[in-house]
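Engineer: One predicted model, sequence on top.
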Amino acid sequence: MIYNVLKGLVKLITANLGTKLMALLMALFTWFYINQEYTERTDLLEIPLKLEVPEGVISQTEDLSKGGPIGSVKVSLEGPRGILQDIKTNIICRHKVVAGNLNDQPIPQIEEIKPSDFNLPNSINVRIINPSKIKVWLMREMEKNLRLDAEKCSAGGPAKGYRIVEIKAEPSEILVRGPKYILQNRQSIPCAPVDISGATKSFSRAGKIAETIDNMPVSTNDSFRLMVTVDEGLVETTVKTNINILFPPDFAYQVKAKPQEIEVKLKGPAESLKALKKTDFNVFVNVANLYSNLKDVKPGSYPGVTVEFQLSEKAPRGIILAEPLNPAMIEITELPKTTPSPSPGQ
């Protein structure tokens, strides 16, 4: 039975084979003709706009009717369906600009976008160009080494309990290309913001400069990295300690601070404050700073004397004063007189 079925299928296919092949060829030809020759119109397509300007000239493009910078135009095309489908994603509008005499300030110039500006086959027609006219600002170009301003180029915030200690660029200076009238008066350029959201540790990332300065385009071929230092958040603590007295050599008086104990408010990472010992820092009054000439020192009370704070080299990292130390009062008195010991035999 199966044999009979297969035999019938073969007979059905081979019967009038020439006619069937001719019909298939006609169908393929008809499909090809319709696909390639049937005229179709597209909706508005957004096409990149590339300006070709003379060497040494920089440009900024604006919509003539609406204002504001633009980098593309919208077009509607008409032509064979098959060709339209193939070129939709490869169209670029390249418009050549002829510059007149330029000075250091931007000069506006009205340019008309034409169908010949598009890289289209002869069978494709441009029905609509929007905008058909643009305003092009032309200005002299300049290259200048500028310092990268990275301190405030962060976006977002670190994780709770952490802080951004520093953001710096490496290298710190790059060669920037842009309008001469802007760059000639600048010493630095801002970086594009780097995302630090949720950061818990230090990291580095490839950096970018701001795309515009004063709404005018700038660029660079140099590469740089942003180094972001992340550390624990700072907490505060208060410790009580004695005020030490720092004497100059051969000082002929005794000095006391009143009160002798002072409160010191410190700020730093929690682990550092926890590990801090009183031997890791010194709170003191430097008597030598009270006088320009130590011969002028006289006994008495001296209010409002500066109290200084100094960490040792072994102190935990990241600790600073949370508040300035309050001034102290010191008392300078004569050294007690000593009675000489009697000589032997007296």
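Structural biologist: Received, thanks.

Engineer: Point to the helix or strand of the protein where mean pLDDT is at its lowest.
Structural biologist: Lowest mean confidence among the helices and strands of the chain (mean pLDDT, DSSP states H and E): helix 17-37, at a mean of 53.

Engineer: where in the protein is pLDDT low?
Structural biologist: 1-38, 337-346 (pLDDT under 70).

Engineer: Count the neighbours of Q260 for me.
Structural biologist: A count of neighbours around Q260, defined by other CB atoms under 10 Å, yields 12. In short, each C-beta sits where N, CA and C put it, glycine included.

Engineer: hang on, isn't it packed against N242?
Structural biologist: Yes: contact criterion CB atoms under 8 Å: Q260 and N242 qualify, at 5.5 Å.

Engineer: mind listing the helices for the stretch 51-200 of the chain?
Structural biologist: 81-87, 180-183 (DSSP state H, counting those that start in this stretch).

Engineer: Please tell me I have it right and K267 contacts I320.
Structural biologist: Yes: taking contacts as CB under 8 Å, K267 lies within contact range of I320: 5.5 Å.

Engineer: Between those two, point out the one with more neighbours.
Structural biologist: K267 (16 against 10).

Engineer: Which residues are in contact with the more buried one?
Structural biologist: K267 makes contact with 234-236, 319-322 under the criterion CB atoms under 8 Å, 6 or more residues apart in numbering.

Engineer: Out of these, which is nearest to Q310?
Structural biologist: Of all those, Q310 sits closest to L321, with 10.5 Å by CB to CB.

Engineer: Can you point out the helix or strand that includes the closest residue in space to the closest one that isn't next to it in sequence?
Structural biologist: For L321, ignoring the flanking residues on the chain, the nearest one in space by CB to CB, 6 or more residues apart in numbering is F309 at 5.6 Å. Using DSSP states H and E, F309 sits within strand 308-311.

Engineer: which helices and strands sit right next to that strand?
Structural biologist: strand 281-286 (3 or more CB pairs under 8 Å, 6 or more residues apart in numbering; DSSP states H and E).

Engineer: Can you name every helix or strand that the strand it packs on contacts?
Structural biologist: Using 3+ CB pairs under 8 Å, 6+ apart: strand 281-286 touches strand 234-242, strand 244-246, strand 261-269, strand 308-311.

Engineer: try it again with 7 Å
Structural biologist: Strand 281-286 sits against strand 244-246, strand 308-311, with contacts defined as 3 or more CB pairs under 7 Å, 6 or more residues apart in numbering; DSSP states H and E.

Engineer: in it, what's buried?
Structural biologist: By neighbour count with 16 or more other CB atoms under 10 Å, strand 281-286 contains the buried residues 281, 283, 285.

Engineer: hey, what's the last one bridged with?
Structural biologist: In this structure, V285 has the following beta-bridge partners (DSSP bridges): I245.

Engineer: before we move on, the earlier item: deepest-packed of the helices of the stretch 51-200 of the chain, please.
Structural biologist: Each of the helices of the stretch 51-200 of the chain was scored by mean neighbour count; the highest is helix 180-183, a mean of 20, by mean count of other CB atoms under 10 Å.

Engineer: mind checking how far G156 is from G198?
Structural biologist: G156 is 8 Å from G198, where distance means CB to CB, to the nearest Å.
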